[in-house]
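Chemist: show me the folded form of this:
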Amino acid sequence: MYKRLLGKGLVLGLLSAGSMAAHADAAGGKGCGWGNMIWEGQNGKASHVLAMTTNGTSGNATFGVTSGTNGCTSRAHLSYDGRSLLAMNGMLDSIAEDMAQGQGEALDAYAILLGVEQADRAHFARVAHDNFARIFPSADASGEQVLAATLEVMRGDARLARYVRQPA
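Modeler: Below is the predicted model:
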């Protein structure tokens, strides 16, 4: 009896942990992974959480994207319909202030979020500072606009272009 309860607790723990790993909308394509196959046709939060948890805990969606199986593809365009992480965390104003000055913790955190390695962060700060008016064209620029402009500036810089994934 104890082993069965321990086993169920372990499975529930793994499922809970797996559900914390959120996937982007249509990651791997619509219907990617065993979770989507098992709960096909279902709707509601429970079905979506169970599908994501199944995909996350078994790693089958990751395998499917890399191997082209399980209904997955890397050709699907990822989308996000939520609020900007930058705006949601109140970082946008701090990033703007630091970028205008050419240095600061928020600007460094932004570089980290963009995947800029330590050796290139000072260069990133200089380039961002030099292109501040392009990145923040107005005081009410949205997080999405700032991110898109930042990536555009990075694409145009020989040293920073490697951090920007090119569209498929």
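
Chemist: now the closest residue to residue 103 other than its chain neighbours: which helix or strand?
Modeler: The shortest distance from residue 103 to any non-neighbouring residue, by CB to CB, 6 or more residues apart in numbering, is to residue 125 (5.5 Å). In short, each C-beta sits where N, CA and C put it, glycine included. Element membership of residue 125 [criterion: DSSP states H and E] is helix 121-130.

Chemist: tell me which stretches of this protein form helices.
Modeler: All helices of the chain, identified by DSSP state H, fall at 2-20, 34-38, 45-58, 60-67, 85-88, 91-101, 105-113, 121-130, 132-135, 143-155.

Chemist: one step back: so who does the residue nearest to residue 103 touch?
Modeler: By CB atoms under 8 Å, 6 or more residues apart in numbering, the contact set of residue 125 is 99, 102, 103, 107, 108, 111.

Chemist: who's in contact with the first one?
Modeler: With contact set as CB under 8 Å, 6+ apart, residue 99 has these partners: 107, 125, 128, 129, 132, 135, 136.

Chemist: out of those residues, which end up buried?
Modeler: Burial by neighbour count, 16 or more other CB atoms under 10 Å: within the contacts of residue 99 this picks out 107, 125, 128, 129, 135, 136.

Chemist: possible to save the residues you listed as a markdown table with distance to residue 52 and pLDDT?
Modeler: Converted to a markdown table, the buried ones among the contacts of residue 99 look like this (distance: CB to CB, whole Å; pLDDT from 0 to 100):
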| residue | distance to residue 52 | pLDDT |
| --- | --- | --- |
| 107 | 33 | 93 |
| 125 | 36 | 97 |
| 128 | 34 | 98 |
| 129 | 39 | 98 |
| 135 | 33 | 96 |
| 136 | 35 | 94 |
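
Chemist: hmm, which two among these are most spread apart?
Modeler: Spanning the widest gap among those are 125 and 136, at 14.6 Å by CB to CB.

Chemist: relative to residue 163, tell me which of the helices of the chain wins on proximity.
Modeler: Evaluated over those, closeness to residue 163 peaks at helix 143-155, with 6.0 Å, by CB to CB.

Chemist: could you pull out the buried residues of the closest one?
Modeler: In helix 143-155, counting by 16+ other CB under 10 Å, buried: 143, 146, 147, 149, 150, 151, 153, 154.

Chemist: ok, now stretch 55-63?
Modeler: Residues of stretch 55-63 classed as buried: 55, 56, 57, 58, 60, 61, 62 (neighbour count, 16+ other CB under 10 Å).
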